[in-house]
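A structural model of the following input is requested.
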Amino acid sequence: MTDADLAAHLAEVAGRILLEVRASGMFEGKSLGKAGDQTANQFLVHALRQQRPDDGLLSEESKDTEERLSKSRVWIVDPVDGTREYGEERADWAVHVGLAIDGVATLGAVALPGLAGGVVLRSDQPRTLPPAPERPRLVVSRTRPAAEAVAVAEALGGELVGMGSAGAKAMAVVLGDAEIYLHSGGQYEWDSCAPVAVAAAHGLHCSRIDGSAMRYNQADTYLPDLLICRPEWAEPVLAFLRERAG
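As a prediction, the model looks like this:
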């Protein structure tokens, strides 16, 4: 398998495992989220160590080590992005399998198993973006929209669309269901690596909210903010944020 095929296959299979865990009826609520996280993580970690034994690995659900820092190639995975949504049997959760090479989110796949029929978006198979409306739609947290996103929406005459996981929000821009995903409330590398790889391959702008590059496989995995958007909205959003920061 190529790296891209492997990423897509692992994301798709992990998604099916998660649906089976949920359908078993053995868990509910937080216990369902925990069982799903741990089960999918075991599959992803064992599969990657078997298929790419020389590469580094960073997973939200596994203890981190310094070993990956000496590696050029590092797989960065989130077995269940949106554990709360998964536990609530919603559709807006995702599985992330990304590969960072020399600190850059180079390729990846994001599975959206909760959507009808299941969807896997891949960095090596970009889709054509549908036409965008004149008024931008911004995907934000269902429960705690970022203040910066709310301010940007007001400044640009945009519409806020509440949604669950980071992966679901990023893929909403890829699928043409939104134009801007702006997050400033704190994230980690596994929250954005695969989504950034997929979004960038689809021609979308991906950066920190100060316009700087997203960097991965760092000693500190905290990566608190990001902007994924249609290219035509990047400069208006970044300019507004610069002015707002003063």
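
can we go C-alpha only for contacts and neighbour counts from here?
OK.

SS state for G36?
Secondary structure, DSSP: H, G, I helix; E, B strand; the rest coil: G36 is helix.

and the pLDDT for the closest residue to it other than its chain neighbours?
Residue nearest to G36 in three dimensions, not counting chain neighbours: L18, with 5.6 Å by C-alpha to C-alpha, 6 or more residues apart in numbering. On the pLDDT scale, L18 is placed at 97.

quick thing: my sequence starts at 16, can you match it?
Okay, residue one is now 16; in that scheme the one you just asked about reads as L33.

which parts of the helix or strand harbouring L33 are buried?
Using DSSP states H and E, L33 sits within helix 18-38. For helix 18-38, the neighbour count (16 or more other C-alpha atoms under 10 Å) marks 19, 21-34, 36-37 as buried.

for that helix, packing partners?
Judged by 3 or more C-alpha pairs under 8 Å, 6 or more residues apart in numbering; DSSP states H and E, the packing partners of helix 18-38 are helix 44-66, strand 109-116, strand 119-127, strand 134-137.

measure stretch 232-244 end to end?
23 Å (C-alpha to C-alpha, to the nearest Å).

ok, and what's touching that stretch?
Here stretch 232-244 makes contact (C-alpha atoms under 8 Å, 6 or more residues apart in numbering) with 81, 83-84, 89, 115, 117-118, 185, 188, 194-204, 211, 214, 219-224, 229.

what does the pLDDT read for the nearest residue to P141 once chain neighbours are set aside?
Once flanking residues are discounted, P141 sits nearest to H217: 5.2 Å by C-alpha to C-alpha, 6+ apart. In the predicted model, H217 carries a pLDDT score of 98.

tell me how many other residues surround H217.
By other C-alpha atoms under 10 Å, 22 other residues sit near H217.

which residues are in contact with it?
Neighbouring residues of H217 by C-alpha under 8 Å, 6+ apart: S138, P141, R142, T143, L144, V189.

10 Å instead?
By C-alpha atoms under 10 Å, 6 or more residues apart in numbering, the residues touching H217 are 136-144, 188-190, 211, 245.

got a PyMOL select line for the buried ones in the residues you listed?
In PyMOL, a selection of the buried entries from the contacts of H217 looks like this (16+ other C-alpha under 10 Å):
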select buried, resi 136+137+138+139+188+189+190+211+245
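
so where's the chain uncertain?
Along the chain, the model assigns pLDDT under 70 to no residue.

residue with max distance from the center of it?
G261 (29.5 Å; C-alpha atoms, centre = their mean).

distance of it relative to R245?
For G261, the distance to R245 - C-alpha to C-alpha - is 25 Å.

and the residue nearest to E43 when sequence neighbours are not counted, what does it touch?
Spatial nearest neighbour of E43, excluding adjacent residues (C-alpha to C-alpha, 6+ apart): G102 at 6.6 Å. By C-alpha under 10 Å, 6+ apart, G102 lies in contact with R37, F42, E43, G44, K45, S46, L47, G48, K49, A50, G51, W108.

and the two most separated of these?
Spanning the widest gap among the contacts of G102 are F42 and W108, at 17.4 Å by C-alpha to C-alpha.

more neighbours, these two?
Taking other C-alpha under 10 Å, F42 and W108 do not tie; W108 has more neighbours (28 against 16).

quick one: that one and G97 touch, right?
Yes - between W108 and G97 there is a contact under C-alpha atoms under 10 Å: 4.7 Å.

what touches both of these two?
G179, S180, A181, G182, A183.

re the thing from before, turn the helices and strands packed on helix 18-38 into a markdown table, including distance to A164.
Shown next, in a markdown table, are the helices and strands packed on helix 18-38 (distance: least, C-alpha to C-alpha, whole Å):
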| stretch | distance to A164 |
| --- | --- |
| helix 44-66 | 28 |
| strand 109-116 | 22 |
| strand 119-127 | 23 |
| strand 134-137 | 25 |
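
which of these sits closest to F255?
The closest of these to F255 is strand 119-127. By C-alpha to C-alpha, the value is 26.1 Å.
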